[in-house]
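Undergrad: fold the following, please.
(4 chains)
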Protein chains: 2
Amino acid sequence: MVTVPHSPASARPTITRKDVARLAGVSTAVVSYVVNGGPKRVSPVTAAKVREAISALGYRPNAAARALKLGSSEMLGMVVPDTTNPFFATLARAVEEAAAARGYALLLANSGGSAANERRQVRNLASRRVDGVFLSSVLFEPDLTELEHSEIPAVLLNHSTEVPGFNSVGVELLEGSRRAVEHLVGHGHRNIALVMGMNAGNDLDAREVGWQQGLAEAGLPEGPILRCDFDRQGGYRAGQRLVAAADRPTAVFVSSDLQAVGLLRAMSEAGLRVPEDLAVFSFDGSAEAEFSWPPLSTVAQPIQAMAEAAVEALIGFDGVSPTRNRIFPVDLVLRASCGCAPVPAPALPVAAGQ
Amino acid sequence: MVTVPHSPASARPTITRKDVARLAGVSTAVVSYVVNGGPKRVSPVTAAKVREAISALGYRPNAAARALKLGSSEMLGMVVPDTTNPFFATLARAVEEAAAARGYALLLANSGGSAANERRQVRNLASRRVDGVFLSSVLFEPDLTELEHSEIPAVLLNHSTEVPGFNSVGVELLEGSRRAVEHLVGHGHRNIALVMGMNAGNDLDAREVGWQQGLAEAGLPEGPILRCDFDRQGGYRAGQRLVAAADRPTAVFVSSDLQAVGLLRAMSEAGLRVPEDLAVFSFDGSAEAEFSWPPLSTVAQPIQAMAEAAVEALIGFDGVSPTRNRIFPVDLVLRASCGCAPVPAPALPVAAGQ
DNA sequence: TTCCAATGCGCAACCGTTTCTTTTATGTTT
DNA sequence: AAACATAAAAGAAACGGTTGCGCATTGGAA
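TA: Presented below is the predicted three-dimensional model:
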């Protein structure tokens, strides 16, 4: 189907607006006016000629030149700990779409969860002259000093606590966690553990506080706290420790779906049933939670809306109006892992094939 | 900690190499030489002065200007169906890292699995003057006509069949699938189904052929073929159909981990045990396969190496040397779902807490 | 001492746009 | 018919960085 290989640079004559102008018999300025459709008016017949020349030549404006002249690259940067994490993947996708809808492209950068890398990535994005950056660390306070210096607009995306001078968008971390615990209490649990990420710098604390509040309101003592890495493996290890714990809790609130998936695995391996032996409630509302076994009850974040708001905040930011801290409500998605939905009997003696 | 809000544009005087030159008492050319460290030689003392001025002013070269002059944006584009799919998320991350190691940033674009969107995204990337694009569709042939016209180098990333005029990197799809089936046969299965994606335009076919070959070599008839969407939900539905099938197969080869996860869920809901009632082997080798229940046996793709090779191919592509079709070997990762590893007894009567 | 090569640096053109300003063409009003 | 208002198009100056070229300055060799 395709027969023409890419030609070497020499044979790839980029067509500029000058070529278009020549072909259409007008000046380059006119081409610019019809391309951008500014306030300057071009006669319909001229515009048509130009448009014809453009499509005949397959002309595409050079974004670099445009960016240079305008001082705006029409690109946004986003640094996340790890796009491999479904939560951030979903967030990044939502942001990409919201940005694209406004004509912005998204430059994605993984920090690997290290503050040093995050700083490096921000610096890199800054030198590429993005019009703004989304910062969505979890494990640590983002390195804002870097931004102060480069004076590039930023919004803290997955960040629920206020930071002076920065727009941020987050969710009701505390309230969501509190309600999850409240829900577990409603199932009759009185010994409820907490599985948290490590390096709790900022946001994670709110989940911890929510857990504490939920217990306090029910007059219950705090169960054990297990800290682990922010991934499946971490949750798995935490689960193993939980299984071995003396006075094992009957329920656990986990700070992310990913960790909960790992924890579920540890339970299965130990022969413990969820939710009968251990009820689980986690946080994020990712697709993976829906398809885990058993399906996870989880505190769902309105990712689309958050992304939308973040893009809005970043693009519309004038640098002078007061910064905002947008906090979105969360939803409790009730499934089997907390005991709400029935878990289908896992081993009905159906006749095995041959 | 942070007290200075972003200032309005007026108060953000971008410093250019001219400011640096003035402060260092040299010409702008010299600044350029020390920044880029070209063949031109600058005396150490002058270079030191310049460097000092640079850091004093916090100067960052303007990437747009550089791109304009050099004709290279030092950005690569990548269009994937969906970054939310763990396989593509991992691939994108690996590519981002490989590109970053060579000084390139990655512009990520989701096509949502539609050819029209993919075309639009490629066009968008082209107008942003990326130095090349990675195309990794699954469900359809990438729209190469677009690329032909814009003459922007491309490599087909997740693409195992050869396309004239394009570099591509893929895996031994057919061989991997064949071996997976062979493995299932080795477990004694004689009725082995296939769960495939829909719109099988290109690569999926190779998996189908591999499945056929594996069966043919064992002298077995072909089991049922179930086509479904390329996600968890699709696999779930396929699983439901499989459960209801007359003469239910005892094993199934699934074209992706994601689909297999959905299928697993359908099995559990139907009370069928994996691998006793149905052995499952899937494709991709994603992290999710490791943490599913039971853990999935899967054909693992060497994603890091593939990303590395793709970046190498794209950056090093001169447009004249013959294109290459890099095919990587795959690995069979054996876990419980095919019957290799023991599945821990799922319901030991351990005393429930309190 | 004189000449030449090498070295270090500055000048200025250019990359492809946008946009302000000026020029030219077209109508309209006395 | 002259003068003027208006619209349409052309001209040209940036934006910030790179780089070929040329001019000084220097050291060493003759």
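
Undergrad: which of the helices or strands spans A:Thr298?
TA: Take DSSP states H and E as the rule and A:Thr298 turns out to sit in strand A:297-300.

Undergrad: now that strand - C-alpha only, CSV.
TA: The C-alpha coordinates for strand A:297-300 follow below in CSV (Å, rounded to 0.1, in the frame of the first residue of the first chain):
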residue,chain,number,x,y,z
SER,A,297,-15.4,-1.0,47.2
THR,A,298,-13.7,2.2,46.7
VAL,A,299,-13.9,6.0,47.1
ALA,A,300,-14.2,7.2,43.5
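
Undergrad: and that strand, is it in reach of chain B?
TA: No: counting by C-beta under 8 Å from any C-beta of the partner chain, chain B is not contacted by strand A:297-300; separation bottoms out at 15.2 Å. All C-beta spots, glycine's among them, are computed from the backbone N, C-alpha and C.

Undergrad: what comes into contact with that strand?
TA: The contact list for strand A:297-300, computed with C-beta atoms under 8 Å, 6 or more residues apart in numbering or on different chains, reads A:176-177, A:179-180, A:183, A:257, A:260, A:280-286, A:289, A:330-338, A:340.

Undergrad: which of those residues fall within strands?
TA: Judged by DSSP state E, the contacts of strand A:297-300 include A:280-284, A:331-333 as members of strands.

Undergrad: so A:Ser168 belongs to a helix, correct?
TA: No: A:Ser168 is assigned strand when assessed by DSSP: H, G, I helix; E, B strand; the rest coil, not a helix.

Undergrad: where does the nearest residue to it once chain neighbours are set aside land on pLDDT?
TA: Ranked by C-beta to C-beta, 6 or more residues apart in numbering or on different chains and with sequence neighbours excluded, the top spatial neighbour of A:Ser168 is A:Leu156, at 3.8 Å. With respect to pLDDT, A:Leu156 scores 92.

Undergrad: who's in contact with A:Leu156?
TA: Applying C-beta under 8 Å, 6+ apart, the residues near A:Leu156 are A:134-136, A:142, A:163, A:166-170.

Undergrad: partners of the strand holding A:Thr298 in the sheet?
TA: Next to strand A:297-300 in the sheet, as set by DSSP bridges, lie strand A:279-284 (parallel), strand A:331-333 (antiparallel).

Undergrad: which strands and helices sit next to whichever helix or strand comes after that strand?
TA: Sequence order places helix A:303-315 as the next helix or strand after strand A:297-300, per DSSP H and E. Using 3 or more C-beta pairs under 8 Å, 6 or more residues apart in numbering or on different chains; DSSP states H and E, the elements in contact with helix A:303-315 are strand A:75-80, helix A:86-100, strand A:133-135, strand A:154-156, strand A:167-171, strand A:325-328.

Undergrad: so where's the stretch 251-354 of chain A uncertain?
TA: Applying pLDDT under 70 to the stretch 251-354 of chain A picks out residues A:318-320, A:343-354.

Undergrad: hmm, back to that, now the helices and strands packed on helix A:303-315 in TSV, with distance to B:Val34?
TA: Formatted as TSV, those follow (distance: least, C-beta to C-beta, whole Å):
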stretch	distance to B:Val34
strand A:75-80	27
helix A:86-100	36
strand A:133-135	28
strand A:154-156	30
strand A:167-171	37
strand A:325-328	43
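
Undergrad: right, so of those, which gets closest to B:Leu108?
TA: helix A:86-100 (6.7 Å; C-beta to C-beta).

Undergrad: same question for the closest one, mean pLDDT?
TA: For helix A:86-100, the mean confidence score works out to 95.

Undergrad: so which bits of that helix are buried?
TA: Of the residues in helix A:86-100, A:86-100 count as buried by neighbour count, 16 or more other C-beta atoms under 10 Å in any protein chain shown.

Undergrad: A:Ala56: neighbouring residues, count only.
TA: 11 (other C-beta atoms under 10 Å in any protein chain shown).

Undergrad: what about the nearest residue in space to it that is not next to it in sequence, neighbour count?
TA: Nearest non-adjacent residue to A:Ala56, counting by C-beta to C-beta, 6+ apart: A:Leu23, 6.8 Å away. A:Leu23 is flanked by 18 other residues according to other C-beta under 10 Å.

Undergrad: got it, and A:Pro44?
TA: 8.

Undergrad: which non-adjacent residue is nearest the residue nearest the centre of chain A?
TA: Closest residue to the average C-alpha location of chain A: A:Leu91 at 2.6 Å, with C-alpha atoms, centre = their mean. Of all residues not flanking A:Leu91 in the chain, A:Ile303 sits nearest, at 5.6 Å (C-beta to C-beta, 6+ apart).
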